[in-house]
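Visitor: Build me a structure from this.
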Amino acid sequence: MRVELLCTGDELVTGLITDTNSPWFEDKLFQLGVKVERVLLVGDVRPDITQALLEVASRADVALVSGGLGPTMDDFTLECAAAAAGVPLEESPQAMEWIRERYAKRSLPLNPGAFRMARIPRGAEVVRNPVGSAPLVLFRLGRCQLFFVPGVPREYKALAEDEVLPRIRAALEKDSERVYRAFRLLKTVGIPESQLDASVAPLVPRHPQVVFGFRTHAPENHLKLMATAGTQAEADAALAAAEAASRQVVGTKVFGVDDEDYAAVIARMLTEAKATLSTAESCTGGLIATQLTAVPGSSAFFIGGAVSYSEKVKMAWVGVPPEVLDRHTAVSREAAVAMAEGVRTACGTTYSLSVTGYAGPTGGTPEDPVGTVYCGFAAEGHPTHCERFTFVGDRERVRLFAANSALELLRQHLLSRASVP
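Guide: You can find the predicted model right below:
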């Protein structure tokens, strides 16, 4: 099955917004074993959209078309579809009923723009939009099944998830020439993409049915495995073998699979260990606490944290001795250790994390230039551990990698604790 995506809108081709819908849908399709062949961006120009629809329909079996379905004068994607097929637009009574109901529920008066959203090419099918006004429109152009969805991400994802993807999945199951695929995304931290590539490269010739791919989602690097076979059982077996081999060479750098989130993984590990955590953050400004408390149920393990940005607060809130700051400065191994120990004592937690460093663009010393970060980890019954890191990049990147590196100290400790009988 060949699938293409067509995204319409001047805002996409002028840099006003970034297309976030397509990567999301590509990922969903890839999990079904389908790789999107092409993504086209077209501005709000009628001839260009009409021509793009004809070109896509000549190549693809399925196409998802987004944008241009709303109530304004620059929403004319369905007009272009009708022109490409040589059929008129007709008002859909069903779509109009849904629109009336939605407008009435929101106490909005109907206006001429609302009627635009109910006008579809003759022969098309409409499906109700559960979170918006413009319906999903299904229309066949030649051999290609076109799905028209709004470009608003919330509406796009709702319709794609509930209506488009199930139809694609059903079509795959009916395809007598279908190639079966199995997919796994192994998520890693603490290993550069080039090193990850080098680690798994020897595995490639041993697993000829599996395609090895890579994706960077800083600070993570992901290994993509897709097995292809004549049956689903064979594809699943090939994938399982490749995954086991990959895990063996990458080791504990793998923190999760597929949709698993790094912070959620750590949250689960802390919960299972019945452990609690506190944080003392300087250059990361509460980023660690933000990531962890975004996980539902975080109150079970996260007791609290201090954004101890100034030396005064480092002393007052997390108990860093003044002589440590005088002798070693606030960005030092000694300061990170004192911050971790101080906040753990203050909060009475099993574990604590601390971060102090120079995120830039100013600051730093010849010994500790911008990008230098010290991460501390204190644990009940263990010596406090601290590591020095040097990160390259802008302020945002340094902060992101600093928070991740601190959390990784915790994750590795929890892994080693779990492995002890």
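Visitor: How far away from the center of its chain is the lowest-mean-pLDDT helix or strand in the chain?
Guide: Lowest on mean pLDDT, DSSP states H and E among the helices and strands of the chain sits helix 112-116, with a mean of 89. Mean-position distance between helix 112-116 and its chain equals 35 Å (Cα atoms, centre = their mean, to the nearest Å).
Visitor: which is the next helix or strand following that helix?
Guide: Later in the chain than helix 112-116, the nearest helix or strand by DSSP states H and E is strand 119-121.
Visitor: returning to that earlier point: who are the packing partners of the least confident helix or strand of the chain?
Guide: With contacts taken as 3 or more Cβ pairs under 8 Å, 6 or more residues apart in numbering; DSSP states H and E, helix 112-116 sits against helix 93-105. All C-beta spots, glycine's among them, are computed from the backbone N, C-alpha and C.
Visitor: picking up where we left off before, flag every buried residue along the least confident helix or strand of the chain.
Guide: A114, R116 (16 or more other Cβ atoms under 10 Å).
Visitor: May I see the buried residues of stretch 227-242?
Guide: A227, T228, A229, A235, A238, L239, A241, A242.
Visitor: ok, the second one to G297 distance?
Guide: It refers to T228. T228 sits 39 Å away from G297, going by Cβ to Cβ, to the nearest Å.
Visitor: And for the last one?
Guide: Separation of A242 from G297 (Cβ to Cβ) stands at 34 Å.
Visitor: Any idea what R38 is bridged to?
Guide: With DSSP bridges applied, R38 shows beta-bridge pairing to E4.
Visitor: Wasn't C7 part of a strand?
Guide: Yes - judged by DSSP: H, G, I helix; E, B strand; the rest coil, C7 forms part of a strand.
Visitor: Need the contact partners of the least confident helix or strand of the chain.
Guide: G70, P71, T72, D75, E91, M96, I99, Y103, S133 (Cβ atoms under 8 Å, 6 or more residues apart in numbering).
Visitor: Pick the one among those closest to G151.
Guide: Nearest to G151 among those is G70, at 8.4 Å by Cβ to Cβ.
Visitor: confidence score at the residue lying farthest from the centre of the chain?
Guide: Distance from the C-alpha centroid of the chain peaks at E323, with 44.0 Å (Cα atoms, centre = their mean). Per-residue confidence (pLDDT) for E323: 97.
Visitor: Looks to me like it is in a strand.
Guide: No - according to three-state DSSP, the state of E323 is helix, so it is not within a strand.
Visitor: any idea how far it lies from V355?
Guide: E323 is 21 Å from V355, by Cβ to Cβ.
Visitor: ok, now G285?
Guide: 9 Å.
Visitor: Buried ones from the contacts of helix 112-116, can you make that a PyMOL selection?
Guide: To isolate the buried ones among the contacts of helix 112-116 in PyMOL, judged by 16+ other Cβ under 10 Å, type:
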select buried, resi 70+75+96+99+133
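Visitor: which residues of the stretch 301-421 of the chain score low on pLDDT?
Guide: Low-confidence segments of the stretch 301-421 of the chain, defined by pLDDT under 70: 419-421.
Visitor: And the strands in it?
Guide: 302-307, 351-357, 372-379, 385-390 (DSSP state E, counting those that start in this stretch).
Visitor: Excluding chain neighbours, what is closest to E90?
Guide: R122 (5.2 Å; Cβ to Cβ, 6 or more residues apart in numbering).
Visitor: Fine by me, thanks again.
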